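Student: The following block contains a protein sequence and its predicted model.
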Amino acid sequence: MFELRNPRVAIPVVLFAGLLWSFGPLVVRYMDNPQLVPWQYIFGRGLTIFILLNLYLFFEEGKNFYKNYFKIGLSGVIGGSGLGIAMITFIYSITNTSAAVTLLCLAAMPFFTALLAFLFLKEKISLSVWVSILIASFGIIIMALGNTDEKSLTGFVFGLTSSLGFSVFSVTLRWRKETPKFTTVAFSGLFCFIFATAVIFSNDLDFFSTSYNGVLFSLHGTLVCFGLILYSIGSKAIPAAELTLLSLTEVVGGIFWVWVPIFGINEVPSTSTIIGGFFLFLSLFYYSMIMRWNKRYIALN
């Protein structure tokens, strides 16, 4: 697999990965009534992720790439299911609240991951990390207080659930580090595809949305896949602290694209979201400064 070892080259590659992911909320906002076709969206996005990642693995590892599925084990099944649930709750979050709230909930993932690793893997959490978690929690509470109407609060809860699902995926990778990570992500796409198919059949829903929406469903899945590939290529050359900061491009970019008038959405974050987001960003920055002392390298493969 192609790898970058020069941080000067790897950093822009990872930044570009985050940039690709940041267009996801904009793509959702361009869909026709996505709140009416969530399962069609989950079906299309999941199938796209499954197909593209398997094609990537085929070209990287050859015709025996399928053997990775026999290696994922319980950790891969739990991690892939957690990631699948994160993808499912994402669409319910972003269609019930602002993109800013959804993305800022996802930005809390490092802290959920730390807590889950503490509970299930017995990983120690330093006092400094507890401080950053408390700061992040304060920011999340402020956002919650500013989203008290039922629909917006529902979106906020689904956003936190999505963040928790991503965290489950991350913790399972720590639990069994030899688990093939791209195969686990592909499994999450299959999970979404199968789950959405079951819901569509059981509720006698239309299997496909409009062709316009179908293209956008697949486009979002494609952005996720290419972002993951680029992220994995560059991540081995970048310490965990820098990766935490670089991942913020997805949050900042996603909020910006749906706000900037040129794209026609003009979704302005509420005051409570801005204040809560400030504390969340402050906690992430502090967390990253702590991680500078830890020169671990994180990669998806």
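Tutor: That came through fine. Numbers count the residues shown, from 1 in each chain.
Student: so who does Met31 touch?
Tutor: Met31 makes contact with Val37, Tyr41, Asn213, Leu216, Phe217, according to C-beta atoms under 8 Å, 6 or more residues apart in numbering. In this view, the C-beta of every residue, glycine as well, is placed from N, C-alpha and C.
Student: Same check on Met87?
Tutor: Here Met87 is in contact with Ile42, Arg45, Gly46, Ser162, Gly165, Ser188, Cys192 (criterion: C-beta under 8 Å, 6+ apart).
Student: Now do the helix or strand hosting the third one: which elements does it pack against?
Tutor: In this structure, Gly46 is located in helix 38-61 according to DSSP states H and E. With contacts defined as 3 or more C-beta pairs under 8 Å, 6 or more residues apart in numbering; DSSP states H and E, helix 38-61 has these neighbours: helix 73-94, helix 181-202, helix 211-235.
Student: looking at those helices, which is closest to Leu282?
Tutor: Nearest of the helices and strands packed on helix 38-61 to Leu282, taken as C-beta to C-beta: helix 73-94 at 22.8 Å.
Student: picking up where we left off before, buried stuff in the helix holding Gly46?
Tutor: 38-54, 56-57, 61 (16 or more other C-beta atoms under 10 Å).
Student: and the angle for it with helix 73-94?
Tutor: 140 degrees (axes from the mean of the first three to the mean of the last three C-alpha atoms, to 10 degrees).
Student: so where's the stretch 51-200 of the chain shaky on pLDDT?
Tutor: Within the stretch 51-200 of the chain, the ranges that satisfy pLDDT under 70 run 148.
Student: Mind doing that once more with 90?
Tutor: 60-63, 66, 71-72, 75, 98, 100, 104, 106-153, 166-167, 169-182 (pLDDT under 90).
Student: Now Thr48: closest residue in space, sequence neighbours ignored.
Tutor: In this structure, Thr48 finds its nearest non-sequential neighbour in Gly221, 3.0 Å apart by C-beta to C-beta, 6 or more residues apart in numbering.
Student: contacting residues around the one you found?
Tutor: Contacts of Gly221 (C-beta under 8 Å, 6+ apart): Gly44, Arg45, Gly46, Leu47, Thr48, Ile49, Leu52, Gly189.
Student: Tell me how far Phe193 lies from Pro180.
Tutor: Note on Phe193: its distance to Pro180, by C-beta to C-beta, to the nearest Å, is 19 Å.
Student: picking that back up, could I get the contacts of Met31 in JSON lines, plus columns for pLDDT and distance to Ser152?
Tutor: JSON lines is the format used below for the contacts of Met31 (pLDDT from 0 to 100; distance: C-beta to C-beta, whole Å):
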{"residue": "Val37", "pLDDT": "93", "distance to Ser152": "21"}
{"residue": "Tyr41", "pLDDT": "95", "distance to Ser152": "20"}
{"residue": "Asn213", "pLDDT": "93", "distance to Ser152": "24"}
{"residue": "Leu216", "pLDDT": "94", "distance to Ser152": "24"}
{"residue": "Phe217", "pLDDT": "94", "distance to Ser152": "24"}
